[in-house]
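A.B. asks: got a predicted model here, sequence first, then my questions.
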Amino acid sequence: MAGEKILIVEDEPEIADLIKLYLKKEGFVPCWSASGATAVETYRREKPELVILDVLLPELDGLEVCRQLRKETNCPIIFLSCKGLEMDKVLGLAIGADDYVTKPFSPSELLARVKAQLRRSRVLHQGSIPAKPEDSPCQVLKFPALEIDFRSHEVKFHNKPVSLSAKEFQLLALLARNPNQVLTTEQIFDRIWGYDHNGDTRTVMVHIRNLRKKVEEDPSCPKRIVTVRGVGYKFIEQVTP
Ligand code: CA
């Protein structure tokens with residue numbers, strides 16, 4: 001875990017310094033961008049493993065920075081949101097953030113989230129979330145019009161690459177590795193967000209909705225990731241047009 005680079009996008013130097021201090025203490029290598037306008041550039045230069053992104057930034061706000069980052073990376077993004085900005089939470093998840101911490105936050109809580117995200121992201125890169133423990137994980141899963149490559153972390157829909165957030169990828173991977181089985185919303189939440197997240201199952205709904213926009217012919221009438229009313233969701237292996 002030590003040595004991983006983490007980008008902090010935060011316009012308030014005191015907060016950035018505090019986060020830097022805590023990250024360093026845990027052996028991480030922090031880098032800092034003080035504005036949204038320079039965040040993407042810094043990301044490209046530093047290639048961090050994770051981004052901590054303030055929502056309220058001058059010039060370009062955190063939501064816009066997140067949108068831009070998502071065009072080029074699946075790395076975990078944790079939002080620093082302000083109390084009372086309830087919409088930002090939902091919107092943040094909708095545009096591809098993986099988690100959020102509300103200001104004022106405790107540095108140890110932020111650190112726990114950072115570690116949890118890195119752990120999950122690492123598990124994914126190793127392609128090791130087998131649906132059934134006895135199965136060795138398949139490296140590439142192919143379905144009609146959909147291909148999931150666990151080695152490169154790439155998803156293709158109709159042979160075109162789709163950009164997914166780390167959480168969206170995990171969600172798709174979990175569903176696709178359990179085809180034609182109902183997974184309850186709680187199971188999905190536990191598996192992907194887990195014990196160290198204090199969100200709720202609505203988060204699952206938001207991510208399913210985003211995922212459908214990317215891997216369904218008609219997201220309003222899903223045929224691949226179907227809702228099993230009152231229970232959860234099911235990934236259909238053979239989607240007929
Ligand atoms: Ca700010």
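C.D. replies: It's in. Numbering: from 1, shown residues only.
A.B. asks: and this protein, which residues reach the ion?
C.D. replies: By C-beta under 5 Å from the ion, the part of the chain that sits against the ion consists of 11, 54, 56. To be clear about C-beta, it is placed using only N, CA and C from the backbone, and glycine gets the same treatment.
A.B. asks: neighbour-wise, which one of these leads?
C.D. replies: Using other C-beta atoms under 10 Å as the neighbour criterion, residue 54 leads those with 26 neighbours.
A.B. asks: before we move on, back to that, least confident pick among the residues of the chain next to the ion?
C.D. replies: Here the lowest pLDDT out of those sits on residue 56, with 88.
A.B. asks: now it: closest residue in space that isn't a chain neighbour?
C.D. replies: Leaving aside its sequence neighbours, residue 56 sits nearest to residue 82 (C-beta to C-beta, 6 or more residues apart in numbering; 6.2 Å).
A.B. asks: is it true that that neighbour touches residue 102?
C.D. replies: Yes: counting by C-beta atoms under 8 Å, residue 82 does reach residue 102; the two are 7.0 Å apart.
A.B. asks: the more surrounded of those two?
C.D. replies: Between residue 82 and residue 102, counting by other C-beta under 10 Å, residue 102 is the more crowded of the two (17 against 12).
A.B. asks: how about the strands in this structure?
C.D. replies: For the chain, strands defined by DSSP state E occupy the ranges 5-9, 29-33, 50-54, 77-82, 99-103, 140-143, 146-149, 154-157, 160-162, 182-184, 225-228, 232-235.
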